[in-house]
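Trainee: Let me see the structure of the following:
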Amino acid sequence: MGAVQNLPKSLESISRLYSADFKNVVLWLVGKPSPGKTADELGRMLGSHIADEVDSALNYADLLESGLSKELENARLVRLLCKFGFINERPEFDHDPRWSETGDRYVIKLFRDHVFHAVDETGRPLVDLSHILSNLNKLDAGSEERVMLTSRDAQSCLVVSYREIKNCVEAAFQDLSRAR
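Mentor: Reported below is the predicted structural model:
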């Protein structure tokens with residue numbers, strides 16, 4: 001109410017902080033009522049700005065969706081990593097022939113070594129996040145692409161698809177979940 005009573009000072013503040021178009025809309029709104037003062041007329045005055053605001057809001061929504069998508073991908077990979085943590089090298093099952101590192105669990109161990117314990121041609125650890133993310137995404141998607149898994153002593157080698165590895169992980173995790 002004070003702004004209307006001191007209109008010149010309020011308009012001066014608006015002129016400093018906002019566009020001339022905004023000032024004109026404010027003047028129109030606080031002006032005397034007239035037959036031409038309709039919501040349609042206000043819509044015409046704001047039309048181009050409304051489109052800009054909608055565009056800005058949609059761009060922001062796209063940004064949020066992109067961020068959410070990344071977080072969703074992170075969550076999928078974290079769940080996958082947690083399953084590996086639960087499955088690999090369970091000391092309480094060391095003497096259980098059903099849980100030994102043979103069959104499905106051996107494939108999982110070899111895959112874990114392929115992803116996290118890779119070395120370069122000189123034997124130095126390969127610290128390559130893109131290698132890890134690429135392999136985990138292929139595993140999560142259950143890709144039919146095949147990968148060669150080699151034991152640490154290089155005495156055994158398996159060629160399996162990411163889908164087969166994913167099935168091994170799911171089966172081992174289900175076994176572990178039932179063992180609780």
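
Trainee: Which residue ranges of the protein form strands?
Mentor: 146-150, 157-161 (DSSP state E).

Trainee: Next, the buried residues of the last one.
Mentor: Right, the one you point to is strand 157-161. Residues 158, 160-161 are the ones in strand 157-161 that count as buried (16 or more other Cβ atoms under 10 Å). Quick note: C-beta positions are derived from backbone N, CA and C, even for glycine.

Trainee: Can you lay out those as TSV showing distance to Tyr106?
Mentor: Shown next, in TSV, are the buried residues of strand 157-161 (distance: Cβ to Cβ, whole Å):
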residue	distance to Tyr106
Leu158	8
Val160	11
Ser161	16
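
Trainee: coming back round to it: output the strands of the chain as a markdown table; include the columns distance to Asp62 and mean pLDDT.
Mentor: Formatted as a markdown table, these follow (distance: least, Cβ to Cβ, whole Å; pLDDT from 0 to 100):
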| stretch | distance to Asp62 | mean pLDDT |
| --- | --- | --- |
| strand 146-150 | 35 | 96 |
| strand 157-161 | 35 | 96 |
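
Trainee: Same list (these) but as a markdown table, adding distance to Ser13.
Mentor: Shown next, in a markdown table, are the strands of the chain (distance: least, Cβ to Cβ, whole Å):
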| stretch | distance to Ser13 |
| --- | --- |
| strand 146-150 | 66 |
| strand 157-161 | 68 |
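
Trainee: ok, the buried residues of strand 157-161 vs Asp52, which is closest?
Mentor: Nearest to Asp52, judged by Cβ to Cβ, of the buried residues of strand 157-161 is Ser161 at 50.0 Å.

Trainee: wait, what's in contact with the closest one?
Mentor: Taking Cβ atoms under 8 Å, 6 or more residues apart in numbering, we find Ser161 in contact with 143-147.

Trainee: Pick out the most distant pair among those residues.
Mentor: Top of the distance list for the contacts of Ser161 (Cβ to Cβ): Glu144 and Val147, 10.9 Å.

Trainee: anything in contact with each of those two?
Mentor: Residues touching both Glu144 and Val147 by Cβ under 8 Å, 6+ apart: 161-162.
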